[in-house]
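1. Any chance you could fold what I've pasted below:
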Amino acid sequence: MAKKVTAQHIETTEKRLNLWLRGIYEDCPIEIIDVSVTGHKNSITQRKISLLVNQLLNTHGNRFKIGKTCQADRRINQKDYRYTYTKMYLLYKSQSPAYVSHYENLYITKHFENEKNDNETKISVGRPCSFANSYYVYLVVN
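-> This is a model prediction of the structure:
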């Protein structure tokens, strides 16, 4: 049995098509916005990141995904992001891959049940690169 086409489905499909066309014809990359919090793994840092994530999710009402990277400019240009998302917010910056992995998993788990979350698993499957000076937790939105 075919799925019922809804106005939301049509709007989502149109938005994805426009992003795809934008990427081809205008070569507009995803905008990277560095709002990153720095600090050790503690309650103060966690509170700052939580406020930031909640504010961004309230501002951007569409799809989102949380992840980690050491090369934001390369990550946004990969096919799975370039044609799906419009902005990448760098939420947390650290020289410790362990801290970044901790916060990434914390926020994926915290927001996993949100119907707008595109993360496929509760636990990060990505491995941090081993050569970076800085690692980031990010939030991409469309």
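2. Could you point out which residue ranges in this structure have low pLDDT?
-> Low-confidence regions of the chain, defined by pLDDT under 70, span residues 1-12, 14-29, 128, 130.
3. Tell me where it has strands.
-> 31-38, 64-69, 87-94, 135-141 (DSSP state E).
4. To residue 119, which of the ones you listed lies closest?
-> Nearest of the strands of the chain to residue 119, taken as C-beta to C-beta: strand 64-69 at 5.6 Å. C-beta coordinates here come from the backbone N, C-alpha and C atoms, glycine included.
5. and the angle from that closest one to strand 135-141?
-> Put simply, strand 64-69 runs at 160 degrees to strand 135-141, going by axes from the mean of the first three to the mean of the last three C-alpha atoms, to 10 degrees.
6. Which elements pack onto whichever helix in the chain runs longest?
-> Ordering each helix of the chain by length in residues (DSSP state H) puts helix 43-59 first. For helix 43-59, the contact count by 3 or more C-beta pairs under 8 Å, 6 or more residues apart in numbering; DSSP states H and E identifies strand 31-38, strand 64-69, strand 87-94, helix 97-111, strand 135-141 as packing neighbours.
7. Make a markdown table from these and add distance to residue 118 and mean neighbour count to it.
-> As requested, these are exported to a markdown table (distance: least, C-beta to C-beta, whole Å; neighbours: other C-beta atoms under 10 Å):
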| stretch | distance to residue 118 | mean neighbour count |
| --- | --- | --- |
| strand 31-38 | 18 | 15 |
| strand 64-69 | 4 | 22 |
| strand 87-94 | 13 | 22 |
| helix 97-111 | 11 | 19 |
| strand 135-141 | 8 | 25 |
